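1. Got a predicted model here, sequence first, then my questions.
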Number of protein chains: 2
Amino acid sequence: MSSDAALHYARDNRERFLSEMEELLSIPSISTLPEHQPDMVRAARWLCDRLQDMGVQAETVGSEDYPLVYGQWLQAGNAPTVLAYGHYDVQPVDPLDLWTSPPFEPEVRDGNIFARGASDDKGQALTMVFAAESYLRSTGALPLNLKFIIEGQEESGGQVIKEYVRDHGDRLSADVAEVADSGLLAPGVPTLDTGLRGIVYTEIHVHGAAHDLHSGLYGGVAPNALNALAAIIARLRDERGRILIPGFYDSVQMPSKEILESWRRLPFDEAAFLRDEIGARSLIGEPAYTPYERMWARPTLDVHGIAGGFTGEGAKTVIPAEAIAKVSMRIVPNQTVDEVFDLYRHYVQEIAPSSVEVDVRLIHGDNPVVVPEDSPAIRAAREALQATFGRPAVLARSGGSIPIVGIFQGALGLSSVLMGWGLPDDNLHAPNEKFSLENFYNGINATIRFWERLGSSATA
Amino acid sequence: MSSDAALHYARDNRERFLSEMEELLSIPSISTLPEHQPDMVRAARWLCDRLQDMGVQAETVGSEDYPLVYGQWLQAGNAPTVLAYGHYDVQPVDPLDLWTSPPFEPEVRDGNIFARGASDDKGQALTMVFAAESYLRSTGALPLNLKFIIEGQEESGGQVIKEYVRDHGDRLSADVAEVADSGLLAPGVPTLDTGLRGIVYTEIHVHGAAHDLHSGLYGGVAPNALNALAAIIARLRDERGRILIPGFYDSVQMPSKEILESWRRLPFDEAAFLRDEIGARSLIGEPAYTPYERMWARPTLDVHGIAGGFTGEGAKTVIPAEAIAKVSMRIVPNQTVDEVFDLYRHYVQEIAPSSVEVDVRLIHGDNPVVVPEDSPAIRAAREALQATFGRPAVLARSGGSIPIVGIFQGALGLSSVLMGWGLPDDNLHAPNEKFSLENFYNGINATIRFWERLGSSATA
């Protein structure tokens, strides 16, 4: 099998793969902060060069500021075509003082590489890049046709790829998408995600007086934008996390009984989860649902940030005139962004204190998606995972949204294989993000095997 | 009368008084921000030099970092002694982008001087300094004995003056204190404050998970510090502003019927107040009380700032692990700081969601004070105000706390004359703080007259 030579090559080149990953992780490609725009171009250029070096036709497309990296190798005749997706942009790094090593100076400690983007998603995207290199440099060919599309706005709305997919459906046509942006349920437990929550990301702007006022002089008569905002937020969900917006749950469709039963058989150690994974004193959540159900199949609402008034050191006695909250909801089948945002906006306006003006804005939204659980690609992925990890893959869901999966499905009619290499304690979107080197190498190997099985299954 | 010469001198030196005020206003003496500590020393030194130049014995005392300016002129024999108080520290300036001219580059527009500290309190403190200069340079003497104490921490807890008053009672002994840190009820309406609310300034710290978490992966099970904080804040007061802490109003004692009736005779144009003074769509407040009662005689609660999570541009999907709110209560006779903070802390702990840890901290506190309405000093002040403004003074109260009034009363047994020159729209603690030049000059004149009347009344 050609995969033997590729696996051999991958083993011999581990050190170099690691040092090349460190190069990419050193580029601070934070897409949500405009000042990092030049870093987006650097990161895209770096990936494009890698693909060209190994013989993949590659170019940057779609946007000069937040380019997509597109690559193709189409010399496998009638073999199926895989569209491989990842993203090179990363989340912001604050609070910076909680990082043990600087976020853009990658450091290996205890078998993990620590850096912003290590797991989400540069390290994972590179498993596919290096799997391709392993084939092309060892055998000169891939076992199937391969297209790459690696984006630079996954963490900030993904506008560029949305437009590119809409306008270039032919170029991106494939039999299946492969998305490397998820994770294992636990170390050593290979996992295929078969569904993803969507997201409705909003801002609530509250406007009270014309300017900040002295609370001694005006306290008791002047509206306070932060008090009003807190009153609104407090009525969005109850203490357990149940969302209080009327009609919010009407469209929610839970997974089938079989899937829910299979989730109940998955291990979940609540004490260890609390202690080691999130470091909290107790879980919140709807009591009628298990933790996996709450994370994968139930909609949720979280406040991400509140700004307003004086938050510096010391005591300033202002009545703040303006306050803003960033609030998002994770939504599930069969909720839609439009329906949920509509319910939410009307409810917020209804509960807003009459002394303030409230503006509710949709920042971005993605609908939830469900992946078919039985297809040649899923079968090939399960075989590849079994061969790599020595145990069968778990069919799970992910609570996070990966917008591209819905876009591929909607615009290209493509279903996705969600095979990822992160771990629950990788500190995604948080200080000290890491990526397990064992999973990095296993990810390359599993991808090599997946492509070979899919290539041969479909030509058979 | 010696005041004629002093008044004449004051009129002749208006331009210089203004340009000297501009010098002091140019020093960014923000006491709550540690990086401005050197500016505190500069401002204190500037005041000390002015007093020495005119023949007042002056020195900086109490602290090297946040010095008090102490001055004395005690050559008036048996005449009474006035202890004149002001402060040279100012509030922070954010949001800076809302200032029309830079906060520490004073600019005169339409008869007002715009700068941070113009009204609160550098401009007001200088009315007493320039009144003294007007006497000393025109007649070589003051009509009474005068002590100055000008502090640099009024906006940040006032620890230095508290300790200095406690330890140097003899040095500060006087017959009455004069405090220039309040205002007129409206342009042309001279006002004596006869009571002040106190303050209990706190922080609520909420701690959820060990670090920020990805809301897609953990939304639904992980506690969210900002949601929990909003739930707490929403239960501190109702939409009208009534405080929901059990027992909170038990000690509240309203002013006498006569005082309340005199307040009802004061003009209050709600539409103009909303439009011109605070710029809001409606007032909040307890419906059973008039706006003056709510501002002067009722306790209140305001959130000044909330920090936590991601508040930058764009969309970051964190579940914040930590959140902090700055919350203060204005308290009234006969509430005390200790009693109110105790009720507050217990209530916050009781209503805190069980999934988070909550820490409630007292940042600083001052008890409310009431000033006797009939005394030789108050009579002299009323005469001086009548002579200067051509109409009788209103006996009001102030909703803001001036901590020093309680300290003088408690530690020195001194009552205070609260005769100030600000206006309701001076934008205290807010962008575009200003001070009316007419009031600046009237303040100097009224102080000149007050000293003469008090000096002669008591020797009579």
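-> Cool, the structure landed.
2. Could you pull out the strands in the stretch 301-450 of chain A for me?
-> Listed in chain order, the strands of the stretch 301-450 of chain A (DSSP state E, counting those that start in this stretch) span A:318-319, A:322-331, A:357-366, A:369-370, A:394-398, A:416-419, A:434-436.
3. Of all these, which one is nearest A:Leu172?
-> Shortest distance between A:Leu172 and the strands of the stretch 301-450 of chain A, using C-beta to C-beta, is found for strand A:416-419: 12.8 Å. Glycine gets a C-beta too; all of them are placed from N, C-alpha and C.
4. hmm, back to that, ranking the strands of the stretch 301-450 of chain A by burial, who's on top?
-> Ranked by mean neighbour count, these are led by strand A:318-319 with a mean of 30 (mean count of other C-beta atoms under 10 Å in any protein chain shown).
5. Summarise which helices and strands it is packed against.
-> strand A:213-214, helix A:215-218, strand B:300-307 (3 or more C-beta pairs under 8 Å, 6 or more residues apart in numbering or on different chains; DSSP states H and E).
6. now with 10 Å?
-> strand A:213-214, helix A:215-218, helix A:225-234, strand B:300-307 (3 or more C-beta pairs under 10 Å, 6 or more residues apart in numbering or on different chains; DSSP states H and E).
7. how much space is there between the nearest residue to A:Thr336 once chain neighbours are set aside and chain B?
-> Leaving aside its sequence neighbours, A:Thr336 sits nearest to A:Asn367 (C-beta to C-beta, 6 or more residues apart in numbering or on different chains; 5.6 Å). Going from A:Asn367 to chain B by C-beta to the nearest C-beta, to the nearest Å gives 14 Å.
8. which ones are touching A:Asn367?
-> A:196-200, A:331, A:333-340, A:401, A:403, A:406-407, A:409-410 (C-beta atoms under 10 Å, 6 or more residues apart in numbering or on different chains).
9. On the pLDDT front, check it for me.
-> pLDDT, A:Asn367: 89.
10. Tell me how far it lies from B:Leu217.
-> Distance, A:Asn367 to B:Leu217, by C-beta to C-beta, to the nearest Å: 19 Å.
11. again, but for A:Pro353
-> A:Pro353 is 34 Å from B:Leu217, by C-beta to C-beta.
12. The two: which is more packed in?
-> B:Leu217 (27 against 21; other C-beta atoms under 10 Å in any protein chain shown).
13. Ends of stretch A:431-441, what's the gap?
-> Using C-alpha to C-alpha, to the nearest Å, the span of stretch A:431-441 from its first residue to its last is 24 Å.
14. show me where chain A has helices.
-> Along chain A, counting by DSSP state H, helices occupy A:2-12, A:14-25, A:37-53, A:123-139, A:159-167, A:215-218, A:225-234, A:257-264, A:270-272, A:291-296, A:337-351, A:376-389, A:403-407, A:437-459.
15. Okay, buried residues for the fourth one please.
-> Judged by neighbour count using 16 or more other C-beta atoms under 10 Å in any protein chain shown, the buried positions of helix A:123-139 are A:123-138.
16. number of nearby residues for the closest residue to A:Arg116 other than its chain neighbours?
-> Closest residue to A:Arg116 apart from its sequence neighbours, by C-beta to C-beta, 6+ apart: A:Pro103 at 3.9 Å. A:Pro103 has 23 neighbouring residues, counting by other C-beta under 10 Å.
17. From chain B, how far out is A:Pro103?
-> For A:Pro103 relative to chain B (C-beta to the nearest C-beta), the value is 13 Å.
18. And for A:Val56?
-> A:Val56 is 31 Å from chain B, by C-beta to the nearest C-beta.
19. Tell me what the residue nearest to that residue when sequence neighbours are not counted is bridged to.
-> Residue nearest to A:Val56 in three dimensions, not counting chain neighbours: A:Gly71, with 4.3 Å by C-beta to C-beta, 6+ apart. A:Gly71 has these beta-bridge partners by DSSP bridges: A:Ala58, A:Phe148.
20. okay, A:Gly71: pLDDT?
-> In this prediction, A:Gly71 carries a pLDDT score of 98.
21. tell me the contacts of it?
-> Contacts of A:Gly71 (C-beta under 10 Å, 6+ apart): A:47-48, A:50-52, A:54, A:56-59, A:84, A:129, A:132, A:146-150.
22. Count the residues that sit near A:Ala79.
-> 21.
23. Quick check: it touching A:Arg453?
-> No - contact criterion C-beta atoms under 10 Å: A:Ala79 and A:Arg453 do not qualify, at 11.6 Å.
24. so what sits against both of these two?
-> A:143-144.
25. Nearest residue to the middle of chain A?
-> The C-alpha lying nearest the average C-alpha coordinate of chain A belongs to A:Ile402 (C-alpha atoms, centre = their mean; 5.0 Å).
26. Which residues of the stretch 1-150 of chain A lie near chain B?
-> Proximity of the stretch 1-150 of chain A to chain B (C-beta under 10 Å from any C-beta of the partner chain) is limited to residues A:30-34, A:91-92, A:94-95, A:98, A:120.
27. Emit the PyMOL select command for whichever of these are buried.
-> In PyMOL syntax, the buried subset of these is picked out as below (16+ other C-beta under 10 Å):
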select buried, chain A and resi 30+31+32+33+91+92+94+120
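28. Redo the residues of the stretch 1-150 of chain A next to chain B as JSON lines? Include pLDDT.
-> Compiled in JSON lines, the residues of the stretch 1-150 of chain A next to chain B are given as follows (pLDDT from 0 to 100):
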{"residue": "A:Ile30", "pLDDT": "97"}
{"residue": "A:Ser31", "pLDDT": "96"}
{"residue": "A:Thr32", "pLDDT": "93"}
{"residue": "A:Leu33", "pLDDT": "94"}
{"residue": "A:Pro34", "pLDDT": "93"}
{"residue": "A:Gln91", "pLDDT": "95"}
{"residue": "A:Pro92", "pLDDT": "95"}
{"residue": "A:Asp94", "pLDDT": "90"}
{"residue": "A:Pro95", "pLDDT": "88"}
{"residue": "A:Leu98", "pLDDT": "93"}
{"residue": "A:Asp120", "pLDDT": "96"}
